[in-house]
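Enquirer: model this:
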Amino acid sequence: MSISPLLSGNVARNCHPVGCQAYVQQQVDYINSLPKLQTIKNVLIIGGSSGFGLASRVALTQSCHSNSLSVSMERGPSEKGMGSAGWYNNVFAKQQAEALGLRSDNIIADAFSLETMQSTVDYFKANYAGKIDLVIYSLASGKRIDGEQTWFSCLKTAEQTMHGYSLNLETDSLTPDQVGPASQDELEATAKVMGGEPWLQWIEVLANADLLNSGCKTLAFSYIGPELTAPIYRDGSIGFAKQNLHLHAGLINTKFRDLSIQAMPCVAKALVTKASVFIPVMSPYIAALYDVMKHKELHEETIQQAYRLLSEHLFPKSGEAQLDDEGCLRIDDWELREDVQAQVNKQLDGLSPENFKQRLDYQGYKQSFLQLNGFGFEHIDYSSELDSQWLAQLRP
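Expert: Below is the predicted model:
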């Protein structure tokens with residue numbers, strides 16, 4: 001069986017296991033090309049199967065020699081298909097860590113569920129020595145179920161309709177798009193899914209089980225962005241949820257002051273992730289940003305961001321986490337440089353379906369997306385048959 005990418009708009013309907021292995025290996029190779037960082041013994045990553053969660057896990061295991069436990073909801077291979085890319089990312093991240101003699105495990109379950117939180121506590125107590133030094137919260141989901149209540153997130157503005165363009169990866173085109181305003185109920189539901197309440201719940205469960213070391217750090221990934229993207233992001237439904245996330249960082253710090261727990265939002269740069277490609281009218285900005293930052297030799301993918309987060313911001317040589325006035329870790333600093341934003345605005349001015357491939361790094365944007373799902377690696381022959389015996393031996 002050979003596999004080619006199957007796209008529906010900006011959704012990948014399949015993945016390539018060998019390509020997912022290459023994707024993880026690419027991140028491992030990058031980290032191993034850089035100086036090792038201080039040892040962080042035990043880390044819990046809530047949402048460690050893709051994006052910033054996966055990159056953080058790779059950086060921590062390879063550079064900080066960390067034991068890692070990841071919780072994520074992913075699909076394994078079945079008669080219905082190959083499963084999700086995140087399932088394979090879990091497999092290969094675990095293999096890479098175990099090759100170093102580290103403890104590395106994956107819990108495949110709904111990370112919003114209180115039952116999952118408790119089973120994670122039980123698993124950690126049974127299989128890990130010591131307590132947790134770092135908790136990373138990196139969930140990206142369209143819905144959250146809590147008992148009989150289900151909330152769905154939305155990607156909308158908060159007030160006026162926004163008009164613009166979006167990239168279509170299936171048709172390789174730039175198409176007109178518009179985003180209408182969210183209702184108050186939609187804003188509140190989005191905050192329930194993408195805000196900080198589940199983050200706080202995780203810390204409460206872990207603290208009540210006496211699993212957090214004194215001085216344990218915890219971070220959750222966020223985004224702010226420039227004025228250009230403010231209507232759809234900072235001032236939109238996602239921004240409403242991120243404000244809630246930042247609020248809960250303060251609640252965690254206050255509630256667990258006796259344990260010296262330090263909770264911090266980590267504001268990252270705009271990147272191609274399985275979550276960001278769904279945001280309407282955001283894709284041209286990201287593709288322009290890729291072009292500008294590559295030309296200025298400032299471009300970072302998630303793994304570069306993860307290493308810089310650890311080495312310069314979270315665990316710098318000075319010892320103290322480097323926070324802004326709002327208590328946030330800021331690894332979006334290069335994106336927001338005045339010269340970068342000025343050039344991005346220039347390239348987006350007059351953007352059209354006829355000239356977008358000249359003004360944006362469309363090929364780089366699409367390649368990053370394909371690689372999230374194991375495609376787009378030049379050294380892989382995608383016409384080759386997959387080894388069914390090798391596939392059958394994979395375990396997350």
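
Enquirer: Spit out the contact partners of Pro127.
Expert: That one is not Pro; residue 127 is Asn. Going by CB atoms under 8 Å, 6 or more residues apart in numbering, Asn127 touches 103, 105. For every residue, glycine as well, the C-beta is placed using N, CA and C.

Enquirer: so where do the helices sit in the stretch 151-300 of the chain?
Expert: 184-194, 197-208, 237-255, 283-295 (DSSP state H, counting those that start in this stretch).

Enquirer: most tightly surrounded among those helices?
Expert: Neighbour counts (mean count of other CB atoms under 10 Å) averaged over each of these peak at helix 283-295, with a mean of 23.

Enquirer: give me the number of residues near Tyr123?
Expert: Counted with other CB atoms under 10 Å, the neighbours of Tyr123 add up to 14.

Enquirer: can you list the weak-confidence ranges in the stretch 201-350 of the chain?
Expert: Residue ranges of the stretch 201-350 of the chain with pLDDT under 70: none are present.

Enquirer: And the helices in the stretch 1-150 of the chain, which stretches?
Expert: 17-32, 51-63, 85-98, 114-127.

Enquirer: hey, where'd the strands end up in this structure?
Expert: With strands called from DSSP state E, the chain shows them at 7-8, 11-12, 42-46, 67-72, 104-108, 132-137, 143-146, 149-152, 162-168, 173-179, 212-222, 262-267, 329-330.

Enquirer: Adding distance to Asn345 and mean pLDDT, write the helices of the stretch 1-150 of the chain out as JSON lines.
Expert: Formatted as JSON lines, the helices of the stretch 1-150 of the chain follow (distance: least, CB to CB, whole Å; pLDDT from 0 to 100):
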{"stretch": "helix 17-32", "distance to Asn345": "30", "mean pLDDT": "98"}
{"stretch": "helix 51-63", "distance to Asn345": "26", "mean pLDDT": "99"}
{"stretch": "helix 85-98", "distance to Asn345": "33", "mean pLDDT": "98"}
{"stretch": "helix 114-127", "distance to Asn345": "43", "mean pLDDT": "98"}
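
Enquirer: Which among those is found nearest to Cys154?
Expert: Cys154 lies closest, by CB to CB, to one member of the helices of the stretch 1-150 of the chain: helix 51-63, at 19.9 Å.

Enquirer: what helices or strands is that closest one leaning on?
Expert: Judged by 3 or more CB pairs under 8 Å, 6 or more residues apart in numbering; DSSP states H and E, helix 51-63 is in contact with helix 17-32, strand 42-46, strand 67-72, helix 85-98, strand 132-137, strand 212-222, helix 302-308.

Enquirer: Please produce TSV containing these, extended by distance to Lys366 and mean neighbour count.
Expert: Converted to TSV, these look like this (distance: least, CB to CB, whole Å; neighbours: other CB atoms under 10 Å):
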stretch	distance to Lys366	mean neighbour count
helix 17-32	14	20
strand 42-46	28	24
strand 67-72	25	26
helix 85-98	16	24
strand 132-137	28	24
strand 212-222	23	21
helix 302-308	17	23
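
Enquirer: With Thr175 as the reference, name the closest of the ones you listed.
Expert: For Thr175, the closest of the helices and strands packed on helix 51-63 is helix 85-98, at 25.3 Å, according to CB to CB.

Enquirer: Which residues are in contact with the residue lying closest to Leu309 once chain neighbours are set aside?
Expert: Excluding the flanking residues, the one nearest Leu309 by CB to CB, 6 or more residues apart in numbering is Ile331, at 5.2 Å. Neighbour list for Ile331: 266-269, 305, 308-309, 313 [criterion: CB under 8 Å, 6+ apart].

Enquirer: what about 6 Å?
Expert: Residues in contact with Ile331, defined by CB atoms under 6 Å, 6 or more residues apart in numbering, are 268, 305, 308-309.

Enquirer: From Leu271, how far out is it?
Expert: Per CB to CB, to the nearest Å, Ile331 is found 11 Å from Leu271.

Enquirer: hang on, the earlier thing: tabulate the strands of the chain (a markdown table), appending distance to Gly364.
Expert: What follows is these, written out as a markdown table (distance: least, CB to CB, whole Å):
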| stretch | distance to Gly364 |
| --- | --- |
| strand 7-8 | 17 |
| strand 11-12 | 17 |
| strand 42-46 | 27 |
| strand 67-72 | 27 |
| strand 104-108 | 30 |
| strand 132-137 | 27 |
| strand 143-146 | 31 |
| strand 149-152 | 32 |
| strand 162-168 | 12 |
| strand 173-179 | 15 |
| strand 212-222 | 22 |
| strand 262-267 | 23 |
| strand 329-330 | 24 |
